[in-house]
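Trainee: only the shape, not the letters, is given here:
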């Protein structure tokens, strides 16, 4: 693969990562229960009834770092795709890669704080499990962690 193809692929992966992060933040399936319960960062649903979530401080931290990650991912994707389209912009691609790594670190903090906050509740209850929103957050972390260094080190 050529350098420009790898940069473009990295930019596309960062764009998909941004989409995963948005979906993780907006959906209410961070924790799901066997008895039709789903809990998100903003709303919870039980038996078709949707209510707003009263958030703890750690959940507020999770939301803040997810927003930081989304802003960073948007900037990184734009920079890396721009560097792929316009030749001889290696420095722009490297800056985009560094911003993607910042996004990955933000995602790691967000997901770790949420996991620490909820792990006892999940472990103590047999009918609660991690949901797809939670999985999307971790997938976004991994993809940002891979795409960032690719954009930095591809030559």
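Mentor: Happy to help now that I have it. Quantities reported herein were computed from a predicted structural model and do not represent experimental measurements. Residues are numbered from 1 along each chain as shown.

Trainee: in the chain, what residue sits furthest out from the centroid?
Mentor: Most distant residue from the mean C-alpha position of the chain: residue 88, 29.8 Å away (Cα atoms, centre = their mean).

Trainee: what about the strands in the chain?
Mentor: With strands called from DSSP state E, the chain shows them at 31-33, 37-39, 43-46, 49-52, 128-130.

Trainee: picking that back up, now the residue farthest from the centre of the chain. Its backbone dihedrals?
Mentor: Per-residue torsions, residue 88: phi 60, psi 40 (degrees, to the nearest 10).

Trainee: quick one, grab the pLDDT at it.
Mentor: Residue 88 carries a pLDDT value of 75.

Trainee: residue 84 now?
Mentor: 87.

Trainee: distance of it relative to residue 18?
Mentor: Residue 84 is 16 Å from residue 18, where distance means Cβ to Cβ, to the nearest Å. All C-beta atoms are positioned from the backbone trio N, CA, C, and that covers glycine.

Trainee: the residue nearest to residue 141 when sequence neighbours are not counted and residue 145, how far apart?
Mentor: Once flanking residues are discounted, residue 141 sits nearest to residue 107: 3.9 Å by Cβ to Cβ, 6 or more residues apart in numbering. Look at residue 107 and residue 145: by Cβ to Cβ, they are 8 Å apart.
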